[in-house]
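Q: pasting the sequence and the predicted model now:
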Amino acid sequence: MPFSYEKITTHFGHIFPTHVEELCELLIVLRKQFFGDLDLMLILAIIGSRALPARQTTAMTYQEFQASDKPAANVQPINIQSVAECSGIARETVRRKVNKLEQLGYVHRDTQGMLKITAKATTELTVSTEASVQYLVALGASGIAFNKKEFE
């Protein structure tokens, strides 16, 4: 059965403890990977979401996602101002953090100021991606558990 707001809120007690525990684990990994700066991670995630929108990933395997030669069709450019508006982080703060992401080699800015994720980010941040996958696995497993209880 598909997840819905109603199903999650009806069975909240089954999934919430897993969510909190696994989210904490994910945030710990992300915090380490991003030098204690979760805003840095958020900015990179926003830039990445424009580079590889969800509609392009529906048939993508994890190995295809990790590949450095992903297709770049339908990339929606994003600049510092747009990241600031989307995240609610001050523009100047976004600018400084984008500069840091550029220094790390995780983001490239073209001549018009448009930002995109580099292959280095995908490679070096595999630990974060793995932690995200584990979070999703745990949530899915807790959802399956409460679905089984419904049919017992």
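A: Here it is on my side, so go on.
Q: show me where the protein has strands.
A: 107-109, 115-117 (DSSP state E).
Q: and the residue nearest to L101 when sequence neighbours are not counted, how many residues sit next to it?
A: The spatially closest residue to L101, leaving aside those adjacent along the chain, is V107, at 4.0 Å (Cβ to Cβ, 6 or more residues apart in numbering). C-beta coordinates here come from the backbone N, C-alpha and C atoms, glycine included. For V107, the count of nearby residues is 23 (other Cβ atoms under 10 Å).
Q: by mean pLDDT, show me the worst of the strands of the chain.
A: Among these, strand 115-117 carries the lowest mean pLDDT, at a mean of 91.
Q: what does that strand rub up against?
A: Strand 115-117 has contacts (Cβ atoms under 8 Å, 6 or more residues apart in numbering) with 44, 47-48, 51-52, 75, 77-80, 83, 98, 106-110.
Q: in helices only, show me the residues you listed.
A: If you go by DSSP state H, those have L44, I47, G48, A51, I80, V83, V98 in helices.
Q: right, and the first one touches G105 too?
A: No - using Cβ atoms under 8 Å as the test, L44 is too far from G105 to be in contact (11.8 Å).
Q: any common contacting residues for these two?
A: Here L44 and G105 share the contacting residues A121, scored by Cβ under 8 Å, 6+ apart.
Q: quick one: least confident helix or strand in the protein?
A: Lowest by mean pLDDT, DSSP states H and E among the helices and strands of the chain is helix 54-57, with a mean of 58.
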